[in-house]
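K.L.:
After the sequence you'll find the predicted model.
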Amino acid sequence: MTMSPPVPGTPVAYQDPVRQALARRTARRNAFVGMASLIGFTVVVALLVTQTPGWPAVQETFFSPEQFADSLPGLLEAFMLNVRIFLIAEPLILVFSLIIALTRTLRAPIFLPLRVLATIYVDVFRGVPTILVIFLLGFGVPALRLQGVPTDPVFWGTVALILSYSAYVAEVFRAGIGSVHPSQRMAARSLGLSVLQTNRFVVLPQAIRNVVPPLLNDFISLQKDTALVSVLGPIEVLRQAQIDASSTFNYTPYVAAALIFIALTIPMTRFADWVQGRMARRQRAGGVA
Amino acid sequence: MSGLSTRRILFPALALASVGALLAGCAQEPSATTATSSSAAAPAESATAAPSEAASSAPASTEPALDECSKENLTLVTPGTLTIGTDTPAYPPYFVDDDPSNGQGFESAVAYAVAEGLGFAQNEVTWTVVPFNKSYAPGDKDFDFDINQISITPKREKAVDFSNGYYTVNQAVVALNDSPIANATTLAELQAAKLGAQVGTTSLDFITDVVQPADKPYVYNDTNDAKSALNNGQIDGIVVDLPTAYYITAVEIDNSKIVGQFPAQEGGEQFGLLFATGNPLVACVNGVLDGLSASGELQAIQDEWLAGESAPYFTE
C-alpha cells in the first residue's frame, strides 16, 4: 500500500483508503466484465458471419490475401496523388473559408455587397454536388479553349474541391465565431482593441478552439473526396482499386484502399484530440484563479 | 451492482441482435429495376433478318444436352422468362437509343437470337440494368446472363462463368485530326502520348500492357467522359474497341479519326456472355451460340451492326 496520510493545508483532497480499495475492486471487475463481453460479442458475430452460406464467396471476393498483396503496392503509389491534392487543398480551404466566415460576420452597412456575395457563395457551393463542380471545372473550363488557362485535370479537380469545401468549412467557422459570447467582444472593444484586434486576439482563438472536432470531420471527408478527382482521368487510389477490381472481378482492392485511408485518418484524429486537449488545459489554466 | 453489469451486457446483446437482423436483411436482395420489353414493340424485322429463322434453332437441337436445354427445364431467375442484364447507358453500336429491348444494335440482336435459340419469344425476354461493377458481385445474380461487351479473361473466370465468345474484338486508337499522334503508325509513336480509356476495360489493359506509355493512362468512368477529355485536348487519344471507334469517328466526334488498330494478342480477345458461376444455362447457351455461328447468323448480325475492319494495324 502506498497510501500516505493527507497533509493538512495542501490542496490534495482527503482519500479514504477503504473507499479507494472498493473503487479499485469495482474497476477491476468492470474491466473484466467489459473484456469478457467484448470477446464474447466478437466471437458470436464472427461465428454468425462465417456460418452464413455465402461466406466463402464473400471472403474470396472481399478478403483475399493474394489479391490484397497484389494490389497494395500500386494502391500506395496511386495514394500519393490523393495526399498531394489533400495537402494543397487543405491549407487553402482553411484560409478561404475563414475569410468568407469573417466576411459574413461584418456588421457595417457598407459591407452589405460583400456579405451578400459570401452568403450566395456558401448557399450555392454547399447545395451543388461536388462532383458537378469537378466536372464543370475539369471538362467545362478546358472546353472554352482559353489561351494560357491550364487544362490539367488535377489542377481543376483540386480547385473544385477547394471551392466546394470552403463553403462547408466557412459555416463551421461561422458557428465557432457565433459560439463566442458577445460579452467577450464588448469587453475587448471597451479595452480599446480595434475590430481587427478583437477578432485576432479575442474572438478567433476561442472560436477555432470550439470547432476543431467539426473541422477535422470535414478534413477527413475531404481526404476521401479527393477520390472524386478521378472522374477527370487521373488515377488515384480508389480508381486504381477499381481498375484492379474489374480486371480480376474481385473487390479486395477496395478493402485495401479503405485500409490506406483509415491508416491516415486515425493518426489525424488522435492528433486533433491531443491538440484540443492541450487547448482546453490552457484555457482552464487561465481560469482557475 | 448487478444493475451495472446487466447494462454492460445489454448493450452488446442489443448490438448483436441488430447485426443479426442486418445479416438476415441482406441475405435476400430484391431484384433491381427491370425494363421489360413490351410485346407490342417487337424488335424490328431487320434485327433478325438472318438467312433463315429456322436455321438458328435447328443446329442447337442437335446438341446432346437436349432435355436440359428445353425451355421448361432451364433454371431461370424468373421461370418462363429469360432475364438479360446490361449496363446503362447502353452504347451504340451495341445497342441503339439506349434501349436494349428494341432488338437493334449488335448485342441486342445477339441477345434476342440467343433467346430465340433457347425457345423464348421476344415478349418472353426481360432486360434488367446491371452495372458492370455489380455483374461480378458474389451472391445470387438477378439476371440469367449479362451482355455488356465483357471480354473473357482467365482472371475473371475465377469469379464468374462465361459463354463461348460471340465476337472477336480488336482495340483501336481514336484521336482528333490535329492530335500529335494522328498519323502514328507504330507503338513507339504512341508511347509519348497521353492516352485515355474507360475504367475496367481491356482497352485500359492494352494501354498499360501493350503500349506502355511514359505517362500514366487517363482513366474515365465511361466513354462519354473520355470523349470530353479528347475533345478538350486534355489527352491525345483514347483506346476503345474497334466497333466503338468506328461509331465515335463516324457519328460522334466530327474531326476525329481511327489512328490504327492493335494486332490481336495471342488467342484474340473475345466478348462473352456472363453467368453466375456454375449456372447450368451456360452449356445450353453455348449450344445456341455454336448453332448461330455455324449457320452464319452470328456473322450476319455482325455485318449488319458492326462496320468492317479496315483500319490500319500498328506495327512494333
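P.N.:
Nice, thanks for sending it over.
K.L.:
where does the nearest residue to B:Gln212 once chain neighbours are set aside fall, phi/psi-wise?
P.N.:
Closest residue in space to B:Gln212, ignoring its immediate chain neighbours: B:Gln191 at 6.5 Å, by C-beta to C-beta, 6 or more residues apart in numbering or on different chains. No exception for glycine: its C-beta is placed from N, CA and C like everyone else's. Here is the backbone geometry of B:Gln191 (degrees, to the nearest 10): phi -70, psi -20.
K.L.:
Could you do B:Ile238 as well?
P.N.:
Phi and psi for B:Ile238, reported as degrees, to the nearest 10, are phi -120, psi 150.
K.L.:
For it, list each beta-bridge partner.
P.N.:
B:Val174, B:Gly196 (DSSP bridges).
K.L.:
That one is in contact with B:Ala226, isn't it?
P.N.:
Yes: between B:Ile238 and B:Ala226 there is a contact under C-beta atoms under 8 Å: 4.7 Å.
K.L.:
which SSE is A:Pro53 in?
P.N.:
Per DSSP states H and E: A:Pro53 is located in neither a helix nor a strand.
K.L.:
lowest-pLDDT helix or strand in chain B?
P.N.:
strand B:34-36 (a mean of 39; mean pLDDT, DSSP states H and E).
K.L.:
Which parts of the stretch 51-200 of chain A are helices?
P.N.:
A:55-62, A:65-105, A:112-127, A:130-135, A:141-143, A:153-178, A:182-190, A:195-197 (DSSP state H, counting those that start in this stretch).
K.L.:
Please name the residues that touch A:Ala188.
P.N.:
A:Gln197, A:Thr198, A:Phe201, A:Val202, A:Val203 (C-beta atoms under 8 Å, 6 or more residues apart in numbering or on different chains).
K.L.:
among these, who's most crowded?
P.N.:
Counting neighbours by other C-beta atoms under 10 Å in any protein chain shown, the top entry in those is A:Val203, with 22 neighbours.
K.L.:
can you tell me how far the closest residue to it other than its chain neighbours sits from chain B?
P.N.:
Of all residues not flanking A:Val203 in the chain, A:Val180 sits nearest, at 5.1 Å (C-beta to C-beta, 6+ apart). Plainly put, A:Val180 is 37 Å away from chain B if you go by C-beta to the nearest C-beta, to the nearest Å.
K.L.:
what number of residues lie near A:Val180?
P.N.:
Look at A:Val180: counted by other C-beta under 10 Å, it has 18 neighbours.
K.L.:
Local confidence estimate at it?
P.N.:
Predicted confidence (pLDDT) at A:Val180: the value is 92.
K.L.:
Next up, the contacts around it.
P.N.:
Contact analysis of A:Val180 by C-beta under 8 Å, 6+ apart lists A:Val202, A:Val203, A:Gln206, A:Ala207, A:Asn210.
K.L.:
still on that earlier bit, so of the helices of the stretch 51-200 of chain A, which one's packed in deepest?
P.N.:
Neighbour counts averaged per stretch over those are highest for helix A:153-178, at a mean of 22; criterion: mean count of other C-beta atoms under 10 Å in any protein chain shown.
K.L.:
Which neighbouring elements make contact with it?
P.N.:
The helices and strands touching helix A:153-178, judged by 3 or more C-beta pairs under 8 Å, 6 or more residues apart in numbering or on different chains; DSSP states H and E, are helix A:65-105, helix A:112-127, helix A:130-135, helix A:204-210, helix A:212-225.
K.L.:
What residues sit buried inside stretch B:181-192?
P.N.:
B:Ile181, B:Ala182, B:Ala184, B:Leu187, B:Leu190 (16 or more other C-beta atoms under 10 Å in any protein chain shown).
K.L.:
Tell me the one of those residues nearest B:Asp161?
P.N.:
Top of the list for closeness to B:Asp161, among these and by C-beta to C-beta, is B:Leu187 at 33.8 Å.
K.L.:
I'd say the closest one and B:Glu316 touch.
P.N.:
Yes: with contact defined as C-beta under 8 Å, B:Leu187 counts as touching B:Glu316 (5.8 Å).
K.L.:
Could you dump the helices and strands packed on helix A:153-178 into CSV and include distance to B:Ser108 and mean pLDDT?
P.N.:
Listed next are the helices and strands packed on helix A:153-178 as CSV, based on distance: least, C-beta to C-beta, whole Å; pLDDT from 0 to 100:
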stretch, distance to B:Ser108, mean pLDDT
helix A:65-105, 34, 92
helix A:112-127, 39, 93
helix A:130-135, 29, 93
helix A:204-210, 60, 89
helix A:212-225, 37, 89
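K.L.:
Can you add distance to chain B and give these back as TSV?
P.N.:
Below are those laid out as TSV (distance: least, C-beta to the nearest C-beta, whole Å):
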stretch	distance to chain B
helix A:65-105	9
helix A:112-127	22
helix A:130-135	8
helix A:204-210	30
helix A:212-225	16
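K.L.:
Nearest to B:Ala115 among those helices would be which one?
P.N.:
Using C-beta to C-beta, the helices and strands packed on helix A:153-178 put helix A:65-105 closest to B:Ala115, at 35.2 Å.
K.L.:
In terms of secondary structure, what does that closest one contact?
P.N.:
helix A:112-127, helix A:153-178, helix A:212-225, helix A:237-248, helix A:252-287.
K.L.:
Distance to B:Asp144 added to the ones you listed, as JSON lines?
P.N.:
Output for those, formatted as JSON lines (distance: least, C-beta to C-beta, whole Å):
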{"stretch": "helix A:112-127", "distance to B:Asp144": "43"}
{"stretch": "helix A:153-178", "distance to B:Asp144": "40"}
{"stretch": "helix A:212-225", "distance to B:Asp144": "37"}
{"stretch": "helix A:237-248", "distance to B:Asp144": "22"}
{"stretch": "helix A:252-287", "distance to B:Asp144": "27"}
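K.L.:
As JSON lines, the contacts of A:Val180 with distance to A:Gln147 would be great.
P.N.:
Formatted as JSON lines, those follow (distance: C-beta to C-beta, whole Å):
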{"residue": "A:Val202", "distance to A:Gln147": "48"}
{"residue": "A:Val203", "distance to A:Gln147": "44"}
{"residue": "A:Gln206", "distance to A:Gln147": "48"}
{"residue": "A:Ala207", "distance to A:Gln147": "43"}
{"residue": "A:Asn210", "distance to A:Gln147": "47"}
